[in-house]
Structure formats: structure tokens, C-alpha cells
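>>> Need the 3D shape of this:
(4 chains)
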There are 2 protein chains.
Amino acid sequence: MRRNSFISREQDYALRMIAYLAGLPKNEYISVKELSKRLFISPKFAARIIHKLKKENITGSIQGKYGGVFLKASAKKLSMYDVLNTIGFKVKFNDCLKENFVCELMFGCKFHSFWVNEEKLLIDKLKNQKISEYILKEQYP
Amino acid sequence: MRRNSFISREQDYALRMIAYLAGLPKNEYISVKELSKRLFISPKFAARIIHKLKKENITGSIQGKYGGVFLKASAKKLSMYDVLNTIGFKVKFNDCLKENFVCELMFGCKFHSFWVNEEKLLIDKLKNQKISEYILKEQYP
DNA sequence: TTAAATATTACCTAAAAGGTTATGTTTAAA
DNA sequence: TTTAAACATAACCTTTTAGGTAATATTTAA
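A predicted model of the protein is given here:
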């Protein structure tokens, strides 16, 4: 599949699921199967993503029959950046921003600082966007 | 190779070459071979990129022995966006911003407008950055 | 004891990135 | 007029990644 988005499907799905979990009533939880169905994500893929989020203590889970998952972190403190980061958000605006990258054009490439600034601006914004502002609730008739 | 940059290597090389050509004295030109050597780009790959830029009238060329390429567009009017666009800059912040993409979460996904805004901000900035501000000149001792 | 849930890892496949190969065509100069 | 050195153009190749599936184990309510 094409990948020319800034964020991947996996990262998008993670945001969706977190936004949905944030909308559950307190102390409620939902099975990954049901969650994935409501958000149009393949169940197995959803499970893998939820697992990554759990390892970072963003979600919690109840095992066994009638188990499920819930948001463990505070929706008011959890940022979009936190979620994306857990799902491997290591996108750089240009390769020259990566660690250990040695640019051959030390003699005067001025694009570098442009990318540095833009990247920082966006990351700061992602850190400021809290999940509580993005809660996703299905409307039942 | 990994591809988790916002811009591709090919797009980066295009910017480098344009920035270098913009620094040539008026009416001078340079062979792609020499250009690629100075900018650490594989010669064949450079040729293909220059060809794309020529098709959009950004560069011009002189064929035959002792031929070469030069910047045809005005460095003061040519933007980073123009160059990137020529080299297939169709990156979207999220898949949901693509044409013909149908989002299943019509019922209330609030991330969409965040991505729309951020993407527009960045594209406007790229359109405002003119190549004349990024001229690349090798320093000889 | 069993059904239905999570936990975890290994594997699969299409597509794109990043480049090379190949084969022209053009033109200055010997 | 021949030839070397440049640009022109398309087809092809290889590695990596995105995006997902399969498989198997473990947990726990009923």
C-alpha cells in the first residue's frame, strides 16, 4: 500500500481508539473486538496496537472472558504526541534531521534550519493537543 | 531504504540542485555529471531529477558536447513548494485528507480538522520560501 | 471445564523508495 | 565527417516498509 501520509494507518487507528476509549463512562471497558468493529479496524491489527499502548501504560486491560480494554492515562494530560510516539512516530521532515546523519553539504545548505524549525513547531503542537479535546462518541438514534 | 521522512531523497536532491544552480553566475551552466559530484548525488539519478525539472520549465539545458543545465526560472519567484511539487510532492498529513477518501468516522472524528489546518500552514510556508534565500555556494579556499 | 477474552510473536505480501541499465539523440570540435 | 561527451527517456531492479494475518499461549468468569 501507498505510504505517503505523515502519519501511518496504524498511528491513525491508535488515535481513533484512544479517542473512543476516552469517551467511555468511568469504569467501563470494551472488548477489542467490539472496539475494532465500531472504528472500522481489523480486529487483529487493533489488538496489536492496543498491546503497544498498554506497554506504555496508556491503556489498561482486563483479561479473561468478558474482559476488555480501557483508557488508563488521563485524557486531559495525554497528548496526540504521546499516542503517536508509542506507535513509532519517528517521522522526520527530512533525512538530514535524523540522528547520526552526516550531511555532505556542510558548506552551506540553508534548508536544514527550515526543516528543523518546522518540525519543532509541529511537534510542539502535537504535544499541546490533549485527547480530552478529541473524544469520539458514536451517535445512536 | 527507510522512508520515514516528510520529503523523499529525490525531493531533497532536487532542492539541492536548484539551490546550487541558482548560485551560478548569470549565463553559466554546469554538466549534470559535475553538479551531481559536487552535491553527492548519483549521476544517473541526478539526470532523471533534472529531467523532471526541465519538463516543468524550472531548469533549462544545452545539449551536445560541452552542454549542461542551468536554472531557467527566477530564483526570487521560484518556491520550495514549486520544486517539491515537480518531484511528486503529494504527501498528506493523514490519509483522510486525500481526495476520494471516505472516512467511516463521520459521526464525530475531530482529528480531521487538526490535520487540515496543519497541512495548510506548512504548504503556505513552503510556498513563501523562495529559492533565492537558499542559494548554495561551495566555498573554495 | 470451557468459552471468550487478552498477550505475544512470527510471518506474509503489495507497493514504494531509491536507484541502475540501456538506448537513444544532440552537438562541439578534431 | 567522425567521435566524444553531453542531455533525453523509459524500462527495469532491489530493499524496505506498511499494513495486515496467523498461530499459539494465557487468563478468567461462568
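
>>> CA atoms for contacts and neighbours, from now on please.
Fine.

>>> What residues sit buried inside the host helix or strand of residue A:11?
Assigned by DSSP states H and E, residue A:11 falls within helix A:9-21. For helix A:9-21, burial by neighbour count (16 or more other C-alpha atoms under 10 Å in any protein chain shown) applies to A:10, A:11, A:12, A:13, A:14, A:15, A:16, A:17, A:18, A:19, A:20, A:21.

>>> Stretch A:35-42 too?
Here stretch A:35-42 shows A:35, A:36, A:39, A:41 as buried, counting by 16+ other C-alpha under 10 Å.

>>> Tell me the residue in chain A that is farthest from the middle.
residue A:107 (37.8 Å; C-alpha atoms, centre = their mean).

>>> tell me the secondary structure for residue A:51?
helix (DSSP: H, G, I helix; E, B strand; the rest coil).

>>> buried residues in stretch A:66-79?
So for stretch A:66-79, counting by 16+ other C-alpha under 10 Å, buried means A:68, A:69, A:70, A:71, A:72, A:75, A:78, A:79.

>>> Stretch A:107-120 too?
In stretch A:107-120, counting by 16+ other C-alpha under 10 Å, buried: A:109, A:110, A:111, A:112, A:115, A:119.

>>> same for the helix holding residue A:11, what does it pack against?
Applying 3 or more C-alpha pairs under 8 Å, 6 or more residues apart in numbering or on different chains; DSSP states H and E, one finds that helix A:9-21 contacts helix A:43-55, strand A:68-71, helix A:80-86.

>>> any chance of the ones you listed in TSV, plus distance to residue A:30 and mean pLDDT?
Shown next, in TSV, are the helices and strands packed on helix A:9-21 (distance: least, C-alpha to C-alpha, whole Å; pLDDT from 0 to 100):
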stretch	distance to residue A:30	mean pLDDT
helix A:43-55	12	95
strand A:68-71	5	96
helix A:80-86	19	95
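
>>> measure the spatially closest residue to the residue farthest from the centre of chain A that is not a sequence neighbour to DNA strand C for me?
Excluding the flanking residues, the one nearest residue A:107 by C-alpha to C-alpha, 6 or more residues apart in numbering or on different chains is residue B:138, at 6.1 Å. Separation of residue B:138 from DNA strand C (C-alpha to the nearest atom of the strand, to the nearest Å) stands at 21 Å.

>>> cool, residue A:92 as well?
11 Å.

>>> Quick one: residues contacting the closest residue to that residue other than its chain neighbours.
Once flanking residues are discounted, residue A:92 sits nearest to residue B:5: 4.7 Å by C-alpha to C-alpha, 6+ apart. Residue B:5 sits next to A:91, A:92, A:93, A:94, A:95 when contact means C-alpha atoms under 8 Å, 6 or more residues apart in numbering or on different chains.

>>> ok, those residues vs DNA strand C, which is closest?
Using C-alpha to the nearest atom of the strand, residue A:95 comes nearest to DNA strand C of the contacts of residue B:5, at 7.9 Å.

>>> in a strand, that's where the residue farthest from the centre of chain A is, yeah?
No: assessed with three-state DSSP, residue A:107 is coil; it does not lie in a strand.

>>> you'd agree it is up against residue B:135?
No: applying C-alpha atoms under 8 Å, one finds residue A:107 not in contact with residue B:135, separated by 11.4 Å.

>>> What is the neighbour count of residue A:137?
Residues lying near residue A:137 (other C-alpha atoms under 10 Å in any protein chain shown) number 16.
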